[in-house]
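Q: Have a look at this prediction, sequence included:
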Amino acid sequence: MNTLHGWPRISFVLLHVYVLGVCGVVIGAFAVQFLGKELPCPLCVLQRMAMLLAAMGPMFIIKQTSVRESDSKIDGAIGFGMSIVASILGLYMSGRQVLLHILPGDPGYGDAVFGLHLYTWAFIVFSTIILVSGLNLMFSRFMTVGKLIDQPKMASRVTAWVLGIVVTANVASSFAEGGTDWFLPDNPTEYKLIEEFKEFLDSRSSAGDAQKAN
């Protein structure tokens, strides 16, 4: 049985902070979406997906700490490698959106938060994830968690549930925004699924009225 002491303990805690921190950023984007009534564009949705994929890296490492047959160093390489790859994709998408609105006088997409637009914050978040993941790989000799049979499982379960809920909410939000179309609108102004459902109800109501008239 391995106990949590020194750097491995710090690393284990930071893995949870890593996942919850990324989830917190996406939840903040949801707050802007629903409270500020700013629907995300396709690039915004892709950036959220990249963030959540990056969070699955450390979540994978947390899960593997209770698997006896796995190799801790390989698990760390896979998890942080996943985060780096996802963040590189997110960095490309957020950087592209920054460049789309870089000309002087361009108001940008959506309102600014603390002086920066969400896609600029996303660029900073992805850069930070790459830096943190790279440092963890560089110092894996000290930061590898190992097999923690006596790990605080409740904290890990709560973290996994939070990530799962945020992923599910992101899927539901994207589906509500795009409706039955294959592609999201470039400049969304409404939730198409809700509008399609209203149109369906109106058509049923009109058909019922026509039958009564006959």
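A: Nice, I can see it.
Q: other SSEs contacting the host helix or strand of residue 11?
A: For residue 11, the enclosing helix or strand under DSSP states H and E is helix 6-34. Applying 3 or more C-beta pairs under 8 Å, 6 or more residues apart in numbering; DSSP states H and E, we find helix 6-34 packed against helix 42-64, helix 118-138, helix 140-143, helix 153-178. C-beta here means a position set from N, CA and C on the backbone, and glycine is covered the same way.
Q: Looking at these, which one is packed in the most?
A: Of the helices and strands packed on helix 6-34, the one with the most neighbours on average (mean count of other C-beta atoms under 10 Å) is helix 42-64, at a mean of 23.
Q: following it, which helix or strand shows up next?
A: Taking DSSP H and E, what comes next after helix 42-64 is helix 72-100.
Q: quick one, what contacts the residue nearest the centre of the chain?
A: Centrality entry for the chain: nearest residue to the mean C-alpha point is residue 52, 2.8 Å, by C-alpha atoms, centre = their mean. Shown in contact with residue 52 (C-beta atoms under 8 Å, 6 or more residues apart in numbering): 22, 23, 26, 163, 166, 167, 170.
Q: Redo these as JSON lines? Include pLDDT.
A: Compiled in JSON lines, the contacts of residue 52 are given as follows (pLDDT from 0 to 100):
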{"residue": "22", "pLDDT": "94"}
{"residue": "23", "pLDDT": "95"}
{"residue": "26", "pLDDT": "94"}
{"residue": "163", "pLDDT": "95"}
{"residue": "166", "pLDDT": "96"}
{"residue": "167", "pLDDT": "95"}
{"residue": "170", "pLDDT": "93"}
